[in-house]
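1. Compute the structure for the input listed below.
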Amino acid sequence: MESRVRILLLVISLTSGLLIAICAPVFAAAPSDNEQDQVIQPRIDRKEIKEAKIDTEDFEIGTFVGLMSVEDFGTNTVYGLRAAYHVTEDMFIEAAYGRTDTDKTSFERLSGAADLLTDDERKLSYYNLSVGYNLLPGETFIGSKRAFNSALYIIGGIGSTDFAGDNRFTLNFGAGYRLLLTDWLALHVDVRDHIFDIDVTGEDKTTHNIEISSGFSIFF
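-> Below you'll find the predicted structure:
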């Protein structure tokens, strides 16, 4: 009988010790009411950012000015108009018209021969229809409180160039950057290559005529 009591007491003692060992970490981890009151709640001051957005209209029209290098005929100021229709958020269709003057060729200057072109024939004008795609739409931050929607796009199309007394079928392709200053005003920077054939110097060849321009456009 005495041995049974000892066994029972031993079992109770072991069970109590096991329960204390299991529950002690739980009670130790639980914070008291005073500790909960002492937890510091961080205060975060959020900056207010004003972001320009594209207006709800899909039409865009603007002007541009820059430089155009006409192969063999020098680099001169180019200016013109562009109008675009945004088919989707990423794709748009653009029509453009531009004008520039050209210089004498190096052959004309060095040889002392008669001019190859008249003054009117040296004036170059072009129009084209292109398709553009917004490759990297995103945001541009200026300062700590202003964010502007922006996009890097690629563009290409076909058109015609009136130069040297003839209309020449023209391919154009390039890339541009658009920065939306407000919900209706945008800044553009473009680089484009106008490709057409010409035989003024006596050699029929395909020319690459690089244009670098910038300008403003409005949405309506």
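2. tell me which element Asn149 is part of?
-> Using DSSP states H and E, Asn149 maps to strand 146-163.
3. Does anything pack onto that strand? Which helices or strands?
-> strand 50-52, strand 91-101, strand 123-142, strand 166-180, strand 185-198 (3 or more C-beta pairs under 8 Å, 6 or more residues apart in numbering; DSSP states H and E). Any C-beta I mention is one placed from the backbone N, CA and C, and that applies to glycine too.
4. any chance of these in CSV, plus mean neighbour count?
-> Shown next, in CSV, are the helices and strands packed on strand 146-163 (neighbours: other C-beta atoms under 10 Å):
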stretch, mean neighbour count
strand 50-52, 13
strand 91-101, 18
strand 123-142, 16
strand 166-180, 17
strand 185-198, 18
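5. just flag whichever of those has the lowest average confidence.
-> Out of those, strand 50-52 stands lowest, with a mean of 52 (criterion: mean pLDDT).
6. among the helices and strands packed on strand 146-163, which is nearest Asp58?
-> Set against Asp58 and scored by C-beta to C-beta, the helices and strands packed on strand 146-163 come closest in strand 91-101, at 8.4 Å.
7. quick one on the thing from earlier: name the residues of the strand holding Asn149 that are buried.
-> Buried positions in strand 146-163, judged by neighbour count with 16 or more other C-beta atoms under 10 Å: 147-151, 153, 155-157, 159, 161-163.
8. pLDDT below threshold where in the protein?
-> In the predicted model of the chain, residues 1-56, 112-113 satisfy pLDDT under 70.
9. on that earlier part again, quick one: which of the buried residues of strand 146-163 is nearest Arg122?
-> Within the buried residues of strand 146-163, proximity to Arg122 (C-beta to C-beta) peaks at Phe163, which comes in at 8.3 Å.
10. Dump the helices and strands packed on strand 146-163 to JSON lines, plus distance to Ser69.
-> Formatted as JSON lines, these follow (distance: least, C-beta to C-beta, whole Å):
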{"stretch": "strand 50-52", "distance to Ser69": "33"}
{"stretch": "strand 91-101", "distance to Ser69": "10"}
{"stretch": "strand 123-142", "distance to Ser69": "11"}
{"stretch": "strand 166-180", "distance to Ser69": "13"}
{"stretch": "strand 185-198", "distance to Ser69": "10"}
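11. how about those strands, which one is nearest Phe219?
-> Comparing the helices and strands packed on strand 146-163 by their distance to Phe219 (C-beta to C-beta), the top pick is strand 185-198, with 7.2 Å.
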